[in-house]
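[1] Build me a model from this:
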Amino acid sequence: MTLYNKTLTDFNNNFIGFATLIIIGQSCLGSAAAMNILRNGTSLIQMFQLGIIVLICMLVNTSILAQMKHKVIFNLTILSVILSISLIFINKIII
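    I've put the predicted structure just below:
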């Protein structure tokens with residue numbers, strides 16, 4: 001938990017810079033996940049995965065633009081990164 005708390009403190013202190021990096025970074029990571037999902041076709045499972053990744057990436061961007069609490073934005077960003085990386089790996093293994 002000390003890494004989480006230290007990173008959250010840094011995030012709170014430099015929110016504007018981190019918010020810019022988060023929007024760019026998680027949008028790129030989400031689009032890479034979407035690309036890997038669509039490589040496997042357009043079945044119902046892939047469309048469900050695509051909907052989930054688009055929803056969470058839009059949620060992160062919206063939370064930043066809506067100026068939600070910093071901890072909420074930070075936690076959504078962590079969720080977005082974990083989900084994007086997981087879906088990239090899952091869809092790479094299938095191919």
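[2] residue nearest the centroid of this structure?
    For the chain, residue 80 is the residue whose C-alpha lies nearest the centre (CA atoms, centre = their mean; 2.4 Å).
[3] so which strand or helix has that one?
    Using DSSP states H and E, residue 80 sits within helix 70-94.
[4] Show me the contact partners of that helix.
    Outside of helix 70-94, the residues within contact range by CB atoms under 8 Å, 6 or more residues apart in numbering are 7-8, 11-12, 15, 19, 22, 26, 29-30, 32-33, 36-37, 39-40, 49, 52-53, 56-57, 59-60, 63-64. From N, CA and C alone the C-beta is placed, and that goes for glycine too.
[5] Separate out the buried members of those residues.
    Of the members of the contacts of helix 70-94, the ones counted as buried by neighbours, 16 or more other CB atoms under 10 Å, are 11, 15, 19, 22, 26, 29-30, 33, 36-37, 49, 53, 56-57, 60, 63-64.
[6] Helices - which of the residues you listed land there?
    11, 15, 19, 22, 26, 29-30, 33, 36-37, 49, 53, 56-57, 60, 63-64 (DSSP state H).
[7] Let me see the residues that make contact with stretch 3-22.
    In contact with stretch 3-22 (CB under 8 Å, 6+ apart) are residues 60, 64, 70-71, 73-74, 77.
[8] ChimeraX command to pick out the buried ones of those residues?
    Selection of buried members from the contacts of stretch 3-22 for ChimeraX, criterion 16+ other CB under 10 Å:
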select :60,64,70,73,74,77
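[9] neighbours around residue 84, how many?
    When neighbours are counted by other CB atoms under 10 Å, residue 84 registers 22.
[10] and if you look at residue 14?
    Residue 14: 11 neighbours (other CB under 10 Å).
[11] Could you measure from it over to residue 86?
    According to CB to CB, to the nearest Å, residue 14 stands 28 Å off from residue 86.
[12] ok, now residue 61?
    Separation of residue 61 from residue 86 (CB to CB): 20 Å.
[13] ok, those two, which is more surrounded?
    Neighbours per residue, other CB under 10 Å: of residue 61 and residue 86, the larger number sits with residue 61, 18 against 13.
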